[in-house]
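Enquirer: need a structure here:
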Amino acid sequence: MRQTYNRSHANRGAKLEMLVDMTHNQLRNAGIADIRKIPTPVQITSAKGKYVTGRLEKATWVDYSGVYQGRAIIFDAKETTIKNLPLANIAQHQYELLHSWHKQGAHAFLLVAFWLKEKNEPEVYMLPFRYLEQAWQTKAAGGRKSIPLAFFQEHCQRVTSGSGFVLNYLPALGVQ
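Expert: Modelled structure (predicted):
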């Protein structure tokens, strides 16, 4: 029997990742940065001729890592259709990896897209790790379990197209 998947769940994050991938191709082609998508590991269970079947292994990484001007960049892309980012959308291993790299001096952050019904395009923000860490600690202490859109609008830099890039997020890092 063939297993079916909920397409909306399987493709969550796909729209933002497409925009980020286009941006990274532009950055690589311009010789500005080299940032790559980290593929989810797959364990092959059988191979018959040209047909291969497998299962996704447990993810242990974030979506993207790379380098810009000699400094490491590591981040995950998150999307939501509601007016907050549920912290449940961030896996423990993702938080721990971002935390570790942040402590070592990397640019560690989340790119978060809010796809709201009343808007024609998403609002995309860069959430620096320090804000994620504060929210994570608040959640651990029994507090709020999400970050509201209003927080992003007040404290985070909005990421838009510019300078010829689909998502020009480098200025949000404090570098050009």
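
Enquirer: going forward, measure contacts between C-alpha atoms and count neighbours the same way
Expert: Noted.

Enquirer: all strands of the chain, in order?
Expert: Ranges of strands in the chain, per DSSP state E, are 33-37, 42-48, 51-56, 64-68, 71-80, 84-86, 107-114, 123-128, 146-148, 157-159.

Enquirer: per-residue pLDDT of the residue of the chain most remote from its centre, please?
Expert: Among the C-alpha atoms of the chain, the one farthest from their average position, using C-alpha atoms, centre = their mean, is that of Gly49, at 35.7 Å. Gly49 carries a pLDDT score of 85 in this model.

Enquirer: next, it: phi, psi?
Expert: Reported as degrees, to the nearest 10, the phi and psi values for Gly49 are phi 60, psi -130.

Enquirer: how near is it to Leu56?
Expert: 21 Å (C-alpha to C-alpha, to the nearest Å).

Enquirer: ditto for Ala91
Expert: 16 Å.

Enquirer: more crowded one of those two?
Expert: The neighbour count for Ala91 versus Leu56, taken as other C-alpha atoms under 10 Å, is higher for Ala91 (13 against 10).

Enquirer: tell me where the protein is predicted with low confidence.
Expert: 1-13, 175-176 (pLDDT under 70).

Enquirer: before we move on, back to that, looking at the strands of the chain, which is closest to Leu173?
Expert: strand 107-114 (7.3 Å; C-alpha to C-alpha).

Enquirer: that closest one pairs with which strands, parallel or anti?
Expert: Using DSSP bridges, strand 107-114 pairs in its sheet with strand 71-80 (parallel), strand 123-128 (antiparallel).

Enquirer: in PDB, list the C-alpha atoms belonging to the last one.
Expert: Once side chains and other backbone atoms are set aside, the C-alpha atoms of strand 123-128 remain, and they are given as PDB (Å, rounded to 0.1, in the frame of the first residue of the first chain):
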ATOM      1  CA  GLU A 123       6.500  40.000   5.600                       C
ATOM      2  CA  VAL A 124      10.000  38.500   6.100                       C
ATOM      3  CA  TYR A 125      12.100  39.300   9.100                       C
ATOM      4  CA  MET A 126      15.500  38.300  10.300                       C
ATOM      5  CA  LEU A 127      15.400  37.200  14.000                       C
ATOM      6  CA  PRO A 128      18.900  37.400  15.500                       C
END
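
Enquirer: any buried residues in it, and which?
Expert: For strand 123-128, burial by neighbour count (16 or more other C-alpha atoms under 10 Å) applies to Glu123, Val124, Tyr125, Met126, Leu127, Pro128.

Enquirer: also the longest one?
Expert: Of the residues in strand 71-80, those with enough neighbours to count as buried (16+ other C-alpha under 10 Å) are Ala72, Ile73, Ile74, Phe75, Asp76, Ala77, Lys78, Glu79, Thr80.
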